[in-house]
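Novice: this one's structure only:
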């Protein structure tokens, strides 16, 4: 008699036994999973699996009667104007369908169908694309091309995009610190750009340590030359600029450095930087000196000395240079200091007639003052005696 025990396949997922296997090695189950009628709606596609493992595709609208078969509704993938479909077949080929496009997943022929976003390139950007080809002899070869914007780039099956890894600012650092391979991108900027850089602990010839702050302006001229000559232009700029600043400070003292900081704004001072930039396809358009920073004690002494000079320059009642007093020798005259009068006398070689009577007048005035004082004292003494 037939067995009345329930079937172990009732209420169980038929694909559970194949979950750990790759898609290429999966096969439909051989037991019965569906019995009855099914409807495939319009715009849908389904795959009907038989017990022997065969499959047939059915497009809707359609009414199906299934006997010892399984019905699988296939997903539909669609791509818009800025997207494309990437279809990986079981034979190893890859099909790229630019959007707008739509495709049903084929469980017999396809491994996967993915919707990818196309790369939109601005007018100031470029992409470096590599492609597998064969040369005239038939040997495998790789070609490189540069895609300039504005454009919508969709790679073919044998193409890939170059990824740049340059020195950049770390996420937890300041804008003047750089870390190797911290900047990762695929779109290369071809417009003028700038970078901040601080050259730390630069020593002058009198053993003074300072930090020089710079700002570099550069522009990419030749993409192919840059790709052949370097893999990190920012790192090359930092090293070359540091070498130029160290060479400049090593030949001057601290006081000379204060008076010649304007030279750090000239491209002639950064010879190594300009030569290296031209070698890798860049142009250094400008270098800006943003200031410097010395030690705490040296900086305090410098600020203390600069404060009086700044007050003197900004004073609205500052006398003209011709009537300014000398700071070394005190002067009683408002017309000029004593050293300036001595200088004029030495240059003339003799005393003028006008200066002699003045001295006599001054002496008479002094004697008269002394007489008044003495007479005042004697009168007070007489009054005290009379009292």
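Specialist: Arrived safely, thanks for sending. Remember, predicted model here, so these are calculated numbers, not experimental data. Numbering: from 1, shown residues only.

Novice: and residue 292, that's in a strand?
Specialist: Yes - judged by DSSP: H, G, I helix; E, B strand; the rest coil, residue 292 forms part of a strand.

Novice: secondary structure class of residue 246, three-state.
Specialist: Judged by three-state DSSP, the three-state class of residue 246 is helix.

Novice: pull the contacting residues for it.
Specialist: 199, 202 (C-beta atoms under 8 Å, 6 or more residues apart in numbering). (C-beta placed from N, C-alpha, C; glycine too.)

Novice: would you mind measuring from it to residue 281?
Specialist: Separation of residue 246 from residue 281 (C-beta to C-beta, to the nearest Å): 25 Å.

Novice: then residue 141?
Specialist: 24 Å.

Novice: looking at those two, which has the bigger crowd around it?
Specialist: Applying other C-beta atoms under 10 Å to residue 141 and residue 281 shows that residue 281 carries more neighbours, namely 18 against 12.

Novice: low-confidence regions, the stretch 201-350 of the chain specifically.
Specialist: 296-297, 299-350 (pLDDT under 70).

Novice: okay, strands next: where are they in it?
Specialist: Using DSSP state E, counting those that start in this stretch, the strands of the stretch 201-350 of the chain run over 209-220, 282-293.

Novice: would you list those strands in TSV and tack on distance to residue 49?
Specialist: Below are the strands of the stretch 201-350 of the chain laid out as TSV (distance: least, C-beta to C-beta, whole Å):
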stretch	distance to residue 49
strand 209-220	57
strand 282-293	61
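
Novice: pick the most buried one from these.
Specialist: Burial of the strands of the stretch 201-350 of the chain is given as mean neighbour count (mean count of other C-beta atoms under 10 Å); strand 209-220 ranks first at a mean of 18.

Novice: check which helices and strands that strand is in contact with.
Specialist: Using 3 or more C-beta pairs under 8 Å, 6 or more residues apart in numbering; DSSP states H and E as the contact test, the elements touching strand 209-220 are strand 193-203, helix 233-250, strand 282-293.

Novice: got these as JSON lines, with distance to residue 169 columns?
Specialist: JSON lines is the format used below for the helices and strands packed on strand 209-220 (distance: least, C-beta to C-beta, whole Å):
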{"stretch": "strand 193-203", "distance to residue 169": "9"}
{"stretch": "helix 233-250", "distance to residue 169": "10"}
{"stretch": "strand 282-293", "distance to residue 169": "16"}
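
Novice: which one of the ones you listed lies closest to residue 111?
Specialist: The closest of these to residue 111 is helix 233-250. By C-beta to C-beta, the value is 40.2 Å.

Novice: so what's the spatially closest residue to residue 107 that is not a sequence neighbour up against?
Specialist: Distance criterion C-beta to C-beta, 6 or more residues apart in numbering; nearest residue to residue 107, sequence neighbours excluded, is residue 47 at 5.7 Å. Going by C-beta under 8 Å, 6+ apart, residue 47 touches 55, 56, 57, 58, 71, 72, 74, 107, 108.

Novice: residue contacts, the fourth one?
Specialist: It refers to residue 58. 40, 45, 46, 47, 48, 64.

Novice: shouldn't the first one be in contact with residue 46?
Specialist: Yes - Residue 40 is within contact range of residue 46, at 4.9 Å (criterion: C-beta atoms under 8 Å).

Novice: please enumerate the shared neighbours of the two.
Specialist: Common neighbours of residue 40 and residue 46 (C-beta under 8 Å, 6+ apart) are 58, 60, 64, 73.

Novice: among those residues, which ones are buried?
Specialist: residue 64 (16 or more other C-beta atoms under 10 Å).

Novice: what about the residue nearest to residue 251 when sequence neighbours are not counted, how many neighbours?
Specialist: Nearest residue to residue 251 in three dimensions, chain neighbours excluded: residue 205, at 6.5 Å (C-beta to C-beta, 6+ apart). If you count neighbours by other C-beta under 10 Å, residue 205 ends up with 13.

Novice: now the phi/psi pair for residue 205, please.
Specialist: phi -70, psi -10 (degrees, to the nearest 10).

Novice: separation between it and residue 253?
Specialist: 6 Å.

Novice: try residue 214
Specialist: For residue 214, the distance to residue 253 - C-beta to C-beta - is 21 Å.

Novice: same deal with residue 247?
Specialist: Residue 247 sits 15 Å away from residue 253, going by C-beta to C-beta.

Novice: what ranges do the helices span in the chain?
Specialist: Here the chain has its helices, by DSSP state H, at 223-229, 233-250, 254-259, 271-279, 296-314, 338-348, 355-386.

Novice: the first one packs against which elements?
Specialist: Contacts defined by 3+ C-beta pairs under 8 Å, 6+ apart place helix 223-229 against strand 125-134, strand 140-148.

Novice: any idea of the angle the longest one forms with strand 140-148?
Specialist: Following axes from the mean of the first three to the mean of the last three C-alpha atoms, to 10 degrees, one obtains 160 degrees for the angle between strand 125-134 and strand 140-148.

Novice: which residues touch strand 125-134?
Specialist: Taking C-beta under 8 Å, 6+ apart as the rule, strand 125-134 contacts 119, 121, 140-149, 153, 155-156, 158-162, 186-190, 223, 227.

Novice: partner strands of it, parallel or antiparallel?
Specialist: Strand 125-134 pairs in its sheet with strand 140-148 (antiparallel), strand 159-161 (antiparallel), strand 188-189 (antiparallel), by DSSP bridges.

Novice: how about a markdown table for these, with distance to residue 290 added?
Specialist: Listed next are the strands paired with strand 125-134 as a markdown table, based on distance: least, C-beta to C-beta, whole Å:
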| stretch | distance to residue 290 |
| --- | --- |
| strand 140-148 | 34 |
| strand 159-161 | 36 |
| strand 188-189 | 23 |
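
Novice: mind checking the ones you listed for the one nearest to residue 267?
Specialist: strand 188-189 (22.2 Å).

Novice: residues contacting that closest one, please?
Specialist: If you take C-beta under 8 Å, 6+ apart as the criterion, strand 188-189 is touched by 124, 125, 126, 127, 128, 164, 220, 223.
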